[in-house]
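*Asks:* Return atomic coordinates for the entry below.
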Amino acid sequence: MDWLLALLLGYALGSVPFGLLLTRAAGQADIRQVGSGNIGATNVLRTGNKGLAAATLLLDGAKGFFAVFLAWRWLPDAAGLAALGAVLGHCFPLWLGFKGGKGVATTAGVCFGLWWPIGLAYSVVWLALLGVTRVSSLAGMSAALAAPIAALALGRGELAPVLAAIAVIVLFLHRENIARLRAGTEPKVGRAK
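*Replies:* So this is what the prediction gives:
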């Protein structure tokens, strides 16, 4: 029962669509009708509002962190499932027809919630690759793949399976980006498609 409760807690918090809520509050067009149609920070950035994009990034990370934080307090044996639930909620929110974001910022939050050194490793890979390549999708996917490796390398192997499952979700949702990367047509941050 604790496992189910943790999964539902994570899903409920993860499914809060901050990108959609913030853009609506700012009087912007429906973010689902812009760019990729996703509700995450990268697509919010396509509206041209860097402040909203930054707020979306922070809030999407925070909801992942707090899902895990609350699970550690109330359901400590199932915190990993709260992490998985948060990413699933962000990517497949019930109230938006299961069409959400791609999970990169929320995954950062759950990594910090599970164990801060893993979150730090995730962030270093994400930001370093983003800075070097300017390709958001490549940076996000690489960070997601780095998280379970970091868990194993840092002696927290018990966290690796849930982080690997999250990485699979992130990669699956980036399958169109992967195709564009292979074709050399993936857009860079700050440039039009």
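
*Asks:* So which elements touch whichever helix or strand residue 4 is part of?
*Replies:* Using DSSP states H and E, residue 4 sits within helix 2-14. Using 3 or more C-beta pairs under 8 Å, 6 or more residues apart in numbering; DSSP states H and E, the elements in contact with helix 2-14 are helix 50-74, helix 79-91. (Each C-beta comes from the backbone N, C-alpha and C, glycine too.)

*Asks:* Need the winner for burial among the ones you listed.
*Replies:* Of all the helices and strands packed on helix 2-14, helix 79-91 has the most neighbours on average by mean count of other C-beta atoms under 10 Å, namely a mean of 28.

*Asks:* Run a quick check on residue 180 versus residue 138, I expect a contact.
*Replies:* No - the pair residue 180 / residue 138 is not scored as a contact, 10.2 Å apart, by C-beta atoms under 8 Å.

*Asks:* how about low-confidence regions in the chain?
*Replies:* 190-193 (pLDDT under 70).

*Asks:* Do you have the helices of it handy? List them.
*Replies:* Along the chain, the stretches classed as helices by DSSP state H are 2-14, 18-25, 41-45, 50-74, 79-91, 104-114, 116-133, 136-153, 160-173, 175-183.

*Asks:* roughly how far apart are the nearest residue to residue 42 once chain neighbours are set aside and residue 151?
*Replies:* Residue nearest to residue 42 in three dimensions, not counting chain neighbours: residue 136, with 4.8 Å by C-beta to C-beta, 6 or more residues apart in numbering. From residue 136 over to residue 151 the distance is 24 Å, taken as C-beta to C-beta, to the nearest Å.

*Asks:* Also residue 97?
*Replies:* 33 Å.

*Asks:* more neighbours, these two?
*Replies:* residue 151 (24 against 9; other C-beta atoms under 10 Å).

*Asks:* you'd agree that one is up against residue 160?
*Replies:* Yes - using C-beta under 8 Å, residue 151 is in contact with residue 160, at 4.4 Å.

*Asks:* For residue 161, which residues are in contact?
*Replies:* 80, 148 (C-beta atoms under 8 Å, 6 or more residues apart in numbering).

*Asks:* now residue 34: how far from residue 48?
*Replies:* Using C-beta to C-beta, residue 34 is found at 10 Å from residue 48.

*Asks:* which residues touch residue 164?
*Replies:* Counted by C-beta under 8 Å, 6+ apart, residue 164 has contacts residue 148.
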